[in-house]
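S.K.: Compute the structure for the input listed below.
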Amino acid sequence: MKRAVFTCIAAAVAIALAVSLLVVGYTVSNQMLQQQQQAILTQARLCADALDWDQPLLAQCETLCANLTANARITVIDPQGNVLCDTSVEEGETLENHESRPEVEEALLSGSATSLRQSDTTQETMLYGAVLTENGNILRLSEPSNGVLEYFWLLLPGLLVGFAGALLVALLLAGRFAKSVTRPVQEIGQQMMKIGEGEKVQIDPPEYDELLPIAQSTLRLSQQVEETVQKYKRERRRIDEMLVNMEEGFILTDGDVKVLSINHAARKWFNCETLPDGQDLVCYTRSPQLCDLARQTLEDHQPRRMDLHQEGSVFDVRLGAVRKGGGLVIVLVDVTGDRQMGQVRQEFFASASHELKTPITSIGGYAELLEQDSFTPQQKKDFLAQIRREVKNMTALINDILTISRLESGETGATSQPVEMEPVIREALCSVQPLAEQNQVTLRADCEDAPTVYADQRHMYSIVSNLIRNAIQYNRPGGKVEVECREKNGEMYLSVSDNGIGIPASLQGRVFERFFRVDKGRSRLTGGTGLGLSIVKHTAQYYGGTVGVDSAEGQGSRFWVQIPLKPALPPSGALN
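M.R.: Numbering: from 1, shown residues only. Next up is the predicted model:
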């Protein structure tokens, strides 16, 4: 802009100076021509006054010409236009009549006249000055002259020097003026560039009032842009916070399945925390199947859904095309727990059905036998006793299933109160003493330092009783069971050890599962439901505790439970 302003001003000044040079040159040259005309008339009058009309005119005229400028010419003409003498021709040479010459005609009328024209005699451009003498003749003095141009060319060097000086000064002033005009515009432009960079804009009042609306508009635009940017940043922060805090995975891609945004959950699941945005989807998910499904979704804009198995986890993946912009939204939900829970439920129902099927089948078989008359009354009494045992086993199994269900839902109706563990352990030992004697197992307890726990006494008794019964059932004749209870790191620590058959290392991680039995035949012979250790685990978890087992096959096992002395009972459904 500065160059354009400078060029325009310089061009205007140059044109103005050129026109001024021409006008001044012409005016001065014209004035000098007028002065020359007056001077030639004066010289003509002086020559006329100096002539002796009684003497030969040619000699006198030549003498006068010698005292005038070079190439001066004197012509004497009578009133009829006849040339009496002319210093430019030889004596005796006849010239044509000059009555029609413009200077002669005007001099005859007004007494004097000048004329600038081409001479018909010499064919040169001449300046003529004619005066009317006392005796009525015309004395005409002429000299070569180009008129105004002659003086203009004489003045031209000086005019050009003045033009150059004036143009130089004008250019300097034009440069300063262009700078003063464009500087506010440049400042406004620089401030507008800051708007794009997000910097604060500050514009001083411009020197020219014409630029004030532009400055004000720029400030308003800056404020609007800043408000828009701040609004966008706030929205972006909210979206980022939402994406970061989402439990679900979120991925946004463009039309070429390149990732534009991926939240923390998805990065964690796919183990790509350090991979920058902008890569192909397969670089993050390492799942060609998901990428193929994404491209299909982009092509037909139909939502799709799939299960993605990734490093032991299962994700419910939902894909939807973005109508505007041609992108794709992918939402991932970790359903590993739901799938495992579903599988556990399925296995539980299958196991429960199987466990219930055995006693029901047995009861049905004995009932059919009772309908027959071929058995003695004693045999029938034995059949009824067996039916009662099977019913008892079914009742125990159902009660254990209900117990686990209540513990998982948190709806146990438990009340937290101080429970001294030593009496609880002693009571449990007394209740299982007949079973221990039957299996020839010795019971021993070390619980003098047993702590007091804030819990429901029934739950604590269930834990102790199930652990002791399990140790007796999986023991050998002549074996022993030791119960220890003490405080450990602010928690109640209970352990039940035996020197029985032990548990293979490959099965130790499953002993707390529902219906899992290390030795199924032994468990059925002893009347176990297969839910005792599962009840122990769920009860400990209900109180915020943990369970574990240390075992060596053929050497025995040690089951332990740790529960906080003052546990916080979970809300209903917390363990579901």
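S.K.: Next, residue 317: secondary structure please.
M.R.: For residue 317, the secondary-structure state derived from DSSP: H, G, I helix; E, B strand; the rest coil is strand.
S.K.: what about it, neighbour count?
M.R.: Neighbour count of residue 317, defined by other Cβ atoms under 10 Å: 23. Every residue, glycine included, has its C-beta placed from N, CA and C.
S.K.: same deal with residue 7?
M.R.: Other residues within reach of residue 7, judged by other Cβ under 10 Å, total 12.
S.K.: could you measure it against residue 174, distance?
M.R.: For residue 7, the distance to residue 174 equals 9 Å [Cβ to Cβ, to the nearest Å].
S.K.: ditto for residue 112
M.R.: For residue 112 relative to residue 174 (Cβ to Cβ), the value is 51 Å.
S.K.: what do you get for residue 448?
M.R.: On the measure of Cβ to Cβ, residue 448 and residue 174 end up 111 Å apart.
S.K.: When those two are compared, which one has more neighbours?
M.R.: More neighbours sit around residue 174 than around the other of residue 448 and residue 174, counting by other Cβ under 10 Å; the figures are 21 against 8.
S.K.: what are the phi and psi angles of the residue nearest to that one when sequence neighbours are not counted?
M.R.: Sequence neighbours aside, residue 9 is the residue nearest to residue 174 in space, at 3.9 Å (criterion: Cβ to Cβ, 6 or more residues apart in numbering). Backbone torsions for residue 9, taken as degrees, to the nearest 10, come to phi -60, psi -40.
S.K.: What score does residue 9 have for pLDDT?
M.R.: As predicted, residue 9 sits at a pLDDT of 75.
S.K.: Run a quick neighbour tally on it.
M.R.: Counted with other Cβ under 10 Å, residues neighbouring residue 9 total 18.
S.K.: and the residue nearest the centre of the chain, what element?
M.R.: Most central residue of the chain, judged by C-alpha distance to the mean C-alpha position with Cα atoms, centre = their mean, is residue 236 at 9.0 Å. In this structure, residue 236 sits in helix 212-245 according to DSSP states H and E.
S.K.: Specify the local secondary structure of residue 378.
M.R.: Using three-state DSSP, the structure places residue 378 in helix.
S.K.: which residues sit in contact with it?
M.R.: If you count contacts by Cβ atoms under 8 Å, 6 or more residues apart in numbering, residue 378 has none.
S.K.: On the pLDDT front, check it for me.
M.R.: Among the per-residue scores, residue 378 holds a pLDDT of 83.
S.K.: same question, the one 10 residues further on
M.R.: Residue 388 carries a pLDDT score of 80 in this model.
S.K.: What of the one 3 residues further on?
M.R.: Here, the pLDDT recorded for residue 391 equals 75.
S.K.: Begin at 33, not 1, for the rest of this chat.
M.R.: Yep, numbering from 33; the last one is residue 423 now.
S.K.: Any regions of the stretch 233-382 of the chain where pLDDT drops low?
M.R.: Low-confidence segments of the stretch 233-382 of the chain (pLDDT under 70): 233-244, 247, 250, 357, 374-382.
S.K.: Helices along that one, start to end?
M.R.: With DSSP state H, counting those that start in this stretch as the definition, the stretch 233-382 of the chain shows helices at residue ranges 244-277, 296-302, 313-317, 320-332, 368-402.
S.K.: Then the stretch 483-608 of the chain?
M.R.: According to DSSP H, counting those that start in this stretch, the helices that the stretch 483-608 of the chain contains are 489-505, 552-557, 564-574.
S.K.: hang on, the earlier thing: okay but the residue nearest to residue 206 is in contact with residue 211, surely?
M.R.: No: contact status for residue 41 versus residue 211: not in contact, 11.2 Å apart, counting by Cβ atoms under 8 Å.
S.K.: how many neighbours does the closest residue to residue 294 other than its chain neighbours have?
M.R.: With sequence-adjacent residues excluded and distances taken as Cβ to Cβ, 6+ apart, residue 294 is closest to residue 283, at 4.9 Å. Applying the criterion other Cβ under 10 Å, we find 24 residues in the vicinity of residue 283.
S.K.: Then the one 4 residues further on?
M.R.: When neighbours are counted by other Cβ under 10 Å, residue 287 registers 12.
S.K.: Any figure for the gap between it and residue 353?
M.R.: From residue 287 to residue 353 the distance is 9 Å (Cβ to Cβ).
S.K.: got it, and residue 567?
M.R.: 51 Å.
S.K.: If you count surrounding residues, which of the two has more?
M.R.: When residue 567 and residue 353 are compared for neighbours, residue 567 comes out ahead with 23 against 20, by other Cβ under 10 Å.
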